[in-house]
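*Asks:* Here is my input, please return the structure:
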Amino acid sequence: MPPGPPLPKAVQTPLQWLARPWWMAAVRRRYGNVFTLRDQISDTGDLVVLADPADVKTVFTGSPEVFHAGEGNAVLGPLVGPHSVLLLDEEEHLRERKLQLPAFHGERIAQSIDLMREATEREVGTWPLGTPFRLLSRTQALTLDIIVRVVLGVDDARRADPLKHALRTVLEIRTPHLLMWLHPGLARIGPWKRLRQDIARADALLYAEIAHRRAEGGLEDRPDVLSMLLLAHAAAGDDVDDAWVRDELMTLLVAGHETTATGLAWAFERLLRHPQALERVRAGLGDPRDPYVDAVVKETLRVRPVIYNVARVLAQPATVAGYDLPAGTVVLPSIGLLHSDDAHFPQAAAFRPERWLDGSPEPYTWIPFGGGVRRCLGATFALTEMAVVIRTVLQQVDLRAADPAAERTKVHHITLIPAKGASVVVERRRRPTGPGARRAGAPAPALAT
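*Replies:* From the prediction side, this is the model:
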C-alpha cells in the first residue's frame, strides 16, 4: 500500500469526516500525491487517495468492471434507493445512464432557462432589506424549487409545496443517519427511525406524482424529466415498477439540488469578498454572452469544491499509481487536492476567474463533476443554472457580505459548505422582483458549456 499516517482508524475516521480539507492537505504535504488513509466505514478500511492527474486518469478511464463507483456511493443508499444510477455498476449503470441522458441534452436545458430565471426573481423578492440572512438557506429553497419543476414538472403549489417541504426534511440528513445503510439494525432506533419516517412521507408524495402523471397521459408533450423517464422505459420495453422510477427521481432531486445550492452560496461568498470580480460580472450583465459569469462559476467550483473526493471500489485487484492494490480497496481521486495544487493552477488559493478566459486547464486537473463514464449527468445543467441565478440576482439586488472576513469551510456530510451559510445583506433593490418583472423580450443568457 502507499505510505500514510500511522494513526489508528479511530483517530483518522473523525478527521476524514469532520476536518476533511485540512486533514487531507496535511497528509499530502507529508506523503505526496499518493497516500493511504484508514477508516472504520469502508469494508477494508483502506482508502488510497490520488492527487496526480495521471493517476486520476487511470481510474476515470479504467474498466467499469474493475472501478466500481456504485459501491463507493453506498452510504447514500437509504436516501436514493437501490435502483439509483449512483449505486449501480457495470451494465446496469450504463443502461440506466442511457435512459436518463436525453433529459440533459443542451436543447432541453435551454428550455429550462426561463424557468430558472423566473424562480430566481420570485425568490429574490422574498429577501429582507438591510437584515443579514444565510444565503445558503435561500439557494437551497431556490434550487429545490427549480429541480422539482424541471424533474417532476409540478407547477401546482398545492402539490409542489408539500412535496418540497417533505424533500427538504429528508435532504437535511447528516452523515450518521446514512450509516443505517451499513448497519441496518439502526433503522429501529431514535433518529434513524425518524429518518425512515421522513423518507416514507417523501416517497408517498413521489409515488402520488408518478401515479398522477401515468393517469394524466400526454407524456410526449411534456418537458419534465418524469414524463421523459416514463416514455424512455416504455420505449425500452420495460415493465418497470414505480419503486425504480422513485429511485431515479430521488437521485436527480438529491444530485441536482444540494450541490448546486452550495456552489451558488460559495459563488456569492467569493464574489462579495473580491470587489473587482464582482464589478466585472456587473459590467457584463447587459451582454448575455459575456463569458465572465461562466468563468466565475468554474473558478468557484475550483477554489471551493462542493465535493472533496470521488470514490471507486476495486472489484478486482488493480495497479494504480504504481501500486498493486487488492480488491476491496477504495481509491479516492481527490477533487480538492487537485484543485488546490499550484502546479496545475498558479496561485491556486487565489480566486481569479480570469484564469478561465485564457483557455482550459490540463485534463484531469479540474474535476468537480467527476469523470469518465461516471461523470455527472447534470454537469451542464448545474453550470447553466449557476450562471442564470448569479446574473438574475445581481440584476435584481445589491448584496454585501454580513462579515468582511472570508467564511471558513465546514464539512456537511459529503459536501463542504460556508461555515456561516454565506451570510449576506441586501443593500438595495435594483428593479422590481417577482414574476413578470423582467423586461419583455430580454435575452436569455448564453448556455454554459
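
*Asks:* Please make it C-alpha for all contacts and neighbour counts, starting now.
*Replies:* Will do.

*Asks:* Residue ranges in this protein under the pLDDT threshold?
*Replies:* 42-44, 173-192, 432-449 (pLDDT under 70).

*Asks:* Pull the distance from the strand ranked longest in it to the chain's centre.
*Replies:* The strand spanning the most residues in the chain, taking DSSP state E as the definition, is strand 423-429. Relative to its chain's centre, strand 423-429 lies at 26 Å (C-alpha atoms, centre = their mean, to the nearest Å).

*Asks:* and it, C-alpha only, in PDB?
*Replies:* In PDB, the C-alpha atoms belonging to strand 423-429 read as follows (Å, rounded to 0.1, in the frame of the first residue of the first chain):
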ATOM      1  CA  SER A 423     -24.300  35.400   5.400                       C
ATOM      2  CA  VAL A 424     -25.300  38.400   3.300                       C
ATOM      3  CA  VAL A 425     -27.200  41.700   3.400                       C
ATOM      4  CA  VAL A 426     -29.400  43.100   0.700                       C
ATOM      5  CA  GLU A 427     -28.400  46.800   0.500                       C
ATOM      6  CA  ARG A 428     -30.800  47.900  -2.200                       C
ATOM      7  CA  ARG A 429     -33.100  46.600  -4.900                       C
END
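
*Asks:* So which residues make contact with it?
*Replies:* Strand 423-429 has contacts (C-alpha atoms under 8 Å, 6 or more residues apart in numbering) with 127-136, 269, 396-403.

*Asks:* Drop anything exposed from those residues.
*Replies:* Buried members of the contacts of strand 423-429, counted by 16 or more other C-alpha atoms under 10 Å: 127, 132-136, 269, 396-397, 399-402.

*Asks:* What about those, which are in helices?
*Replies:* Mapping the buried ones among the contacts of strand 423-429 onto helices (DSSP state H) picks out 135, 136, 269, 396.

*Asks:* Between these, which sits nearest residue 219?
*Replies:* Within these, proximity to residue 219 (C-alpha to C-alpha) peaks at residue 136, which comes in at 34.5 Å.

*Asks:* OK, contacts around that closest one?
*Replies:* 261, 262, 264, 265, 421, 422, 423.

*Asks:* could you dump the host helix or strand of residue 77 to PDB, C-alpha only?
*Replies:* Residue 77 belongs to helix 77-80 when assigned by DSSP states H and E. Output of helix 77-80 as PDB, limited to C-alpha atoms (Å, rounded to 0.1, in the frame of the first residue of the first chain):
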ATOM      1  CA  GLY A  77     -28.400   4.100  -0.200                       C
ATOM      2  CA  PRO A  78     -31.000   4.900   2.400                       C
ATOM      3  CA  LEU A  79     -31.800   8.100   0.600                       C
ATOM      4  CA  VAL A  80     -31.600   7.400  -3.200                       C
END
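
*Asks:* Any buried residues in it, and which?
*Replies:* So helix 77-80, judged by 16+ other C-alpha under 10 Å, has buried residues 77, 78, 79, 80.

*Asks:* Same check on stretch 90-97?
*Replies:* Using 16+ other C-alpha under 10 Å as the test for burial, stretch 90-97 gives 90, 93, 96, 97.

*Asks:* Look up how far residue 118 lies from the first one.
*Replies:* Distance, residue 90 to residue 118, using C-alpha to C-alpha, to the nearest Å: 39 Å.

*Asks:* same check, this time on the second one
*Replies:* Per C-alpha to C-alpha, residue 93 is found 34 Å from residue 118.

*Asks:* and what of the third one?
*Replies:* Using C-alpha to C-alpha, we find residue 96 at a distance of 31 Å from residue 118.

*Asks:* Provide the strand pairings for the helix or strand hosting residue 333, with the direction of each partner.
*Replies:* Using DSSP H and E, residue 333 falls within strand 330-333. Paired with strand 330-333 in the same sheet, following DSSP bridges, are strand 46-50 (parallel), strand 312-314 (antiparallel).

*Asks:* Following element in sequence after it, please.
*Replies:* With elements assigned by DSSP H and E, the helix or strand that comes after strand 330-333 is helix 335-339.

*Asks:* If you count contacts, what does that next one end up packed against?
*Replies:* Here helix 335-339 touches helix 20-31, helix 292-303, going by 3 or more C-alpha pairs under 8 Å, 6 or more residues apart in numbering; DSSP states H and E.

*Asks:* looking at those, which is buried most?
*Replies:* Highest mean neighbour count of those: helix 292-303, a mean of 24 (counted as mean count of other C-alpha atoms under 10 Å).
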